[in-house]
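Undergrad: what would the 3D arrangement of this be:
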Amino acid sequence: IKSGVMSEETNQVFKSKLRLLTAIASGIILVIATVAGILGFAARNLAGNIKALEVIASPKPVAETGPLNILLMGTDTRTGQGGGFGNEKELGGEGRSDTTMLIHLSNDRKSAIVVSIPRDSVVAIPACTKSDGTTTEETTGLFNSAFSTAGPGCTIKTVETLTGITINHAVIVDFVGFSSIVDALGGIKVCLTEPINEPVENGAGVNLPAGVQILDGKNALGLMRARYTLADGSDLKRIERQQEIISITIDQITNKNLVTDAPQLYRVLNAATSTLQMDPGLADLDSLLTLTTSLSTLGSENVSFVTVPYVGTPDGNHVQWTEAANEIWSAIINDTGWPPASAPSAEPTPTQTPENTETIIVKPQDVSVIVLNGTRRAGFAAATSEFLKTQGVNIAEVGNAPNKDTAETIIVHTPGNNLKAQLIGKMLNISNIVEDPELVGADVAVILGNNAPQTWTQPATETPAQPSEPAPQPSPSAISAPTSGLFCPIP
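TA: Got it, this is the predicted structure:
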């Protein structure tokens, strides 16, 4: 199928990479990935910005190979954070580990496992030595209270005690760190489907209208932290939104091509390194450069994101880990990768075919579509394109088909784009899909016929029954950034 009004600009495939890291992780990865491009005194000056974190016993420099376990902790302390982040008197001091991620890098640095630990997990916290030399008692409490009780060293000891995993390196970043990095980037562009108003007295301190806008550091942080006025108010739902925000953020960082803009690159690196704390073994410039080199071939398809398997506590306010978590800890200790080779990496989706030996993930934003009206219904193609936009699909063109009395709706695709056509077919509940080598201007074209419904509705999502002891599975971010419904496509 050919269209005579398609422009050359629309003849491209809009592709986006899987975004797997939360806000804390994105900051440190940005530093590690780009510091190698700064030479001489500037690089050593940036490395010198990083505050030493004395929490690892006998920290060693990073080697080119060998498994590594890095614990990333985001503190929610308000001490020294300036205005707008909450009451410093009530929420100051060490703070709590607002976000905690355990990152395991494989021996050959060709794969990684990233484990998110819910802050509201009820766990056994061991006795810890505080910075003043006093010792806390062993107790059972919320995971993030280990940080506030005895600092980051206690969080590390808690993770090691619970999992049997040795933590090789540690990183801490606070509110100002994330906010400063966003400001150095020039802000983050987002599109919100609804306004957000969460006063600082009751939550994140953010007030944003619906629609397209550029967020500065303070508002971006507020959006990252917003919780009580969105969805069910849970930390678990906030984690999903954070992953989606980071997907948007890293896309924009990539598009900026910072390596060709030395002044902005230096501002971003300076903001990041000035607000990060690392153990001496990782903070060393040579270690950062070595880690950069060893990870140069690590692709996102080889990174598995998981959340510690959990069930809700009887009161419904917190979560507790299940025995299934031990399988993840074993995979990290033995450096065998995740998920296990014998287990599927995700639930089967329409984008998988039986002959595939690997799961191929197609996301809506990967697909460009032409919508043509083959009926006499006025505005039907426009309405259909708007529906597809709400699902995250890129619309290349909207128009009329030559035949105004097309009987059956059909989806056609260019060679090699059958999976994309299947994804659109699922959204529209259309199974009539064919390949057309002559299609130009988009990956997929939808020709609407008289058998199409008057309106489109989102397909119902089947919810499988949950076993009493759920097996550990990659989190939604291992497949794609979760879709929370809060964000709309940016025009």
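Undergrad: contacting residues around Ser179?
TA: 217-218, 220-221 (Cβ atoms under 8 Å, 6 or more residues apart in numbering). For every residue, glycine as well, the C-beta is placed using N, CA and C.
Undergrad: swap in Thr336?
TA: So Thr336 contacts Ser330 (Cβ under 8 Å, 6+ apart).
Undergrad: quickly find the element holding it.
TA: For Thr336, there is no helix or strand it lies in under DSSP states H and E.
Undergrad: show the pLDDT at Ser475.
TA: We have a pLDDT of 39 for Ser475.
Undergrad: Glu137: neighbouring residues, count only.
TA: 9 (other Cβ atoms under 10 Å).
Undergrad: closest to Ile70 out of the contacts of Ser179?
TA: Leu221 (22.8 Å; Cβ to Cβ).
Undergrad: could you check the pLDDT of the closest one?
TA: So, for Leu221, pLDDT stands at 85.
Undergrad: also Met6?
TA: 41.
Undergrad: over to Gly312?
TA: So Gly312 comes in at 88 (pLDDT).
Undergrad: which ones are touching it?
TA: Gly312 sits in contact with 318-320, where contact means Cβ under 8 Å, 6+ apart.
Undergrad: quick one: the strands in the stretch 51-200 of the chain, in order.
TA: 51-52, 68-75, 97-105, 112-116, 122-125, 139-142, 169-173, 188-192, 196-198 (DSSP state E, counting those that start in this stretch).
Undergrad: closest to Met427 out of the ones you listed?
TA: Taking the strands of the stretch 51-200 of the chain one by one with Cβ to Cβ, strand 188-192 is closest: 19.6 Å.
Undergrad: show me the contacts for the residue nearest to His318 when sequence neighbours are not counted.
TA: Leaving aside its chain neighbours, His318 sits nearest to Asp120 (4.6 Å; criterion: Cβ to Cβ, 6 or more residues apart in numbering). Neighbouring residues of Asp120 by Cβ under 8 Å, 6+ apart: 142-144, 235, 317-319.
Undergrad: recalculate using a threshold of 6 Å.
TA: 142, 235, 318-319 (Cβ atoms under 6 Å, 6 or more residues apart in numbering).
Undergrad: repeat for Thr158
TA: Here Thr158 is in contact with 125, 146 (criterion: Cβ under 6 Å, 6+ apart).
Undergrad: state the distance from it to Pro415.
TA: 53 Å (Cβ to Cβ, to the nearest Å).
Undergrad: with Glu137 instead?
TA: 66 Å.
Undergrad: would you agree Ser180 is in contact with Ala271?
TA: Yes: the pair Ser180 and Ala271 qualifies as a contact (Cβ atoms under 6 Å) at a distance of 4.0 Å.
Undergrad: let me see the ranges of the helices in the stretch 251-400 of the chain.
TA: With DSSP state H, counting those that start in this stretch as the criterion, the stretch 251-400 of the chain has helices at 262-275, 280-283, 285-294, 325-334, 380-390.
Undergrad: the longest one packs against which elements?
TA: Under the contact criterion of 3 or more Cβ pairs under 6 Å, 6 or more residues apart in numbering; DSSP states H and E, helix 262-275 touches helix 40-49, helix 175-185.
Undergrad: out of those helices, which gets the lowest mean score?
TA: helix 40-49 (a mean of 61).
Undergrad: name the spans of the stretch 51-200 of the chain whose pLDDT lies under the cut-off.
TA: In the predicted model, the stretch 51-200 of the chain carries pLDDT under 70 at residues 76-97, 175.
Undergrad: one more pass at 50, please.
TA: 78-93 (pLDDT under 50).
Undergrad: please tabulate the helices of the stretch 251-400 of the chain in CSV, including the columns mean pLDDT, distance to Val311 and mean neighbour count.
TA: Shown next, in CSV, are the helices of the stretch 251-400 of the chain (pLDDT from 0 to 100; distance: least, Cβ to Cβ, whole Å; neighbours: other Cβ atoms under 10 Å):
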stretch, mean pLDDT, distance to Val311, mean neighbour count
helix 262-275, 72, 36, 19
helix 280-283, 82, 34, 20
helix 285-294, 72, 36, 18
helix 325-334, 93, 11, 17
helix 380-390, 90, 33, 19
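Undergrad: need the ones you listed in CSV with distance to Thr100, can you?
TA: Listed next are those as CSV, based on distance: least, Cβ to Cβ, whole Å:
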stretch, distance to Thr100
helix 262-275, 18
helix 280-283, 17
helix 285-294, 20
helix 325-334, 14
helix 380-390, 34
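Undergrad: of all those helices, which one is nearest Thr75?
TA: helix 262-275 (10.9 Å).
Undergrad: could you dump the closest one to CSV, C-alpha only?
TA: C-alpha atoms of helix 262-275 as CSV (Å, rounded to 0.1, in the frame of the first residue of the first chain):
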residue,chain,number,x,y,z
ALA,A,262,31.3,19.8,26.8
PRO,A,263,29.9,22.7,28.9
GLN,A,264,26.6,20.9,29.7
LEU,A,265,28.4,17.6,30.1
TYR,A,266,30.7,19.1,32.8
ARG,A,267,27.7,20.7,34.5
VAL,A,268,25.8,17.4,34.7
LEU,A,269,28.9,15.5,35.9
ASN,A,270,29.8,18.1,38.4
ALA,A,271,26.2,18.1,39.8
ALA,A,272,26.2,14.3,40.0
THR,A,273,29.7,13.8,41.6
SER,A,274,29.2,16.7,44.0
THR,A,275,26.1,15.0,45.6
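Undergrad: run the angle between that helix and strand 169-173 for me.
TA: Angle, helix 262-275 to strand 169-173, by axes from the mean of the first three to the mean of the last three Cα atoms, to 10 degrees: 110 degrees.
Undergrad: my read: Glu194 touches Leu208, true?
TA: No: using Cβ under 6 Å, Glu194 is not in contact with Leu208; the gap is 9.5 Å.
Undergrad: more crowded one of these two?
TA: Counted by other Cβ under 10 Å, Glu194 and Leu208 do not tie: Leu208 has more neighbours, with 19 against 12.
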